[in-house]
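1. Give me coordinates for this.
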Amino acid sequence: MEKIFKKKYALILFVMLLCPFLLKAGLTVEQVVNKLDANFEGIKTYQANFEQEVKSEQFGRSLTKGSGEVFYSKPGKMVWRYNQPEEHWYITNGQILWDYLPSMKQVMELKLDEALSGKLPKSFLFGMAKVSEQFNVAFAPNTESAKDGNYYLILTPKKEEERLVLGTLELTVDAKTFLVKEARLKDSLGNENLLKFSEIKVNPKIDEKMFTFKVPPGVEKISQ
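-> Next up, the predicted model:
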């Protein structure tokens, strides 16, 4: 169960960090990558609504669906607040990760290094990684132009160990707003983690207090 949790958090973390990037029509793949790196460097805070669906290739069906809000503050601070199918919080201040499930009146507390699988997700969390150094990027086959109003990109980690953790990432980019609308992660077994983003705000004002979790009365804290 712990390994599954680590992988899930690494995936959603990695996806979120790439999704606010802006693109420009008519660019080559190399130009798009340079734009991704430049935009990520300029992002200090981020906020958006999200919808998530995890599908299993083995079982041929959807495993989970959820929705909520995500907040990010560089370096290393993040909140994922699920409203559906039930209230569920993932909070990190850059050192500690809290997994809070109000219905169970429990919060799991882990060191961030132990919660993340691989160095790549943490590098993006702290704003130290570059897409051009970590990924091979290409347009999806036959999608170089935005004939249907979208651009499609495929990102594959260059290092084998990171490919085992993250798999490949497919981004759907709106050709009018140049914002990422969807991000789909596919692991080595063919399983998919789909995230759709809306109401995106880049560099909004965010209360830094939200990134440190205070255990409510009556809630059990489980440390690992």
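2. is it true that F71 touches M78?
-> Yes - look at F71 against M78 with Cβ atoms under 8 Å: they come within range, at 6.8 Å. C-beta coordinates here come from the backbone N, C-alpha and C atoms, glycine included.
3. Neighbour count: the two, which is higher?
-> A direct count of neighbours by other Cβ atoms under 10 Å for F71 and M78 places M78 higher, at 25 against 21.
4. Now do M104: how many residues are near it, please.
-> Other residues within reach of M104, judged by other Cβ under 10 Å, total 12.
5. Need the residues touching each of F71 and M78.
-> Contact criterion Cβ atoms under 8 Å, 6 or more residues apart in numbering; residues shared by F71 and M78: F211.
6. The nearest residue to M210 once chain neighbours are set aside pairs with what?
-> Spatial nearest neighbour of M210, excluding adjacent residues (Cβ to Cβ, 6 or more residues apart in numbering): V79 at 5.7 Å. Following DSSP bridges, V79 is listed with bridge partners F71, I91.
7. burial measure for V79, as a count.
-> 21.
8. residues contacting it?
-> With contact set as Cβ under 8 Å, 6+ apart, V79 has these partners: 69-72, 89-92, 210-211.
9. give me that answer again for 6 Å
-> By Cβ atoms under 6 Å, 6 or more residues apart in numbering, V79 lies in contact with 71, 91, 210.
10. same deal with K44?
-> Contacts of K44 by Cβ under 6 Å, 6+ apart are 74, 203.
11. And it, how close does it get to K77?
-> Using Cβ to Cβ, to the nearest Å, one gets 11 Å for the distance from K44 to K77.
12. what pLDDT does Q31 get?
-> pLDDT recorded at Q31 is 72.
13. for the protein, which spans come out with low pLDDT?
-> Counting by pLDDT under 70, the chain has low-confidence residues at 1-27, 32, 36, 58-60, 117-129, 143-147, 149, 175-179.
14. Kindly provide the distance from N142 to D148.
-> From N142 across to D148, the span is 11 Å (Cβ to Cβ).
15. Can you report how many residues lie near the nearest residue to Y72 once chain neighbours are set aside?
-> Nearest non-adjacent residue to Y72, counting by Cβ to Cβ, 6+ apart: Y46, 4.2 Å away. Y46: 22 surrounding residues under other Cβ under 10 Å.
16. ok, Y46 touching V70?
-> No - counting by Cβ atoms under 6 Å, Y46 sits too far from V70 to count as a contact (7.5 Å).
17. ok, now which ones touch L169?
-> 155, 185.
18. Please identify the helix or strand for it.
-> In this assignment (DSSP states H and E), L169 forms part of strand 168-174.
19. E30 too?
-> Residue-wise, E30 maps onto helix 29-42 under DSSP H and E.
20. the inter-axis angle of that helix versus strand 168-174?
-> 90 degrees (axes from the mean of the first three to the mean of the last three Cα atoms, to 10 degrees).
21. Can I get helix 29-42 in PDB, CA atoms only?
-> Taking C-alpha atoms only, helix 29-42 is exported to PDB below (Å, rounded to 0.1, in the frame of the first residue of the first chain):
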ATOM      1  CA  VAL A  29       9.400  20.800 -30.700                       C
ATOM      2  CA  GLU A  30      12.700  22.300 -29.600                       C
ATOM      3  CA  GLN A  31      11.200  25.800 -29.300                       C
ATOM      4  CA  VAL A  32       8.300  24.400 -27.300                       C
ATOM      5  CA  VAL A  33      10.700  22.700 -24.900                       C
ATOM      6  CA  ASN A  34      12.600  26.000 -24.500                       C
ATOM      7  CA  LYS A  35       9.200  27.700 -23.800                       C
ATOM      8  CA  LEU A  36       8.300  25.100 -21.200                       C
ATOM      9  CA  ASP A  37      11.600  25.600 -19.300                       C
ATOM     10  CA  ALA A  38      11.300  29.500 -19.500                       C
ATOM     11  CA  ASN A  39       7.700  29.400 -18.200                       C
ATOM     12  CA  PHE A  40       8.400  27.000 -15.400                       C
ATOM     13  CA  GLU A  41      11.200  29.300 -14.200                       C
ATOM     14  CA  GLY A  42       8.700  32.200 -14.000                       C
END
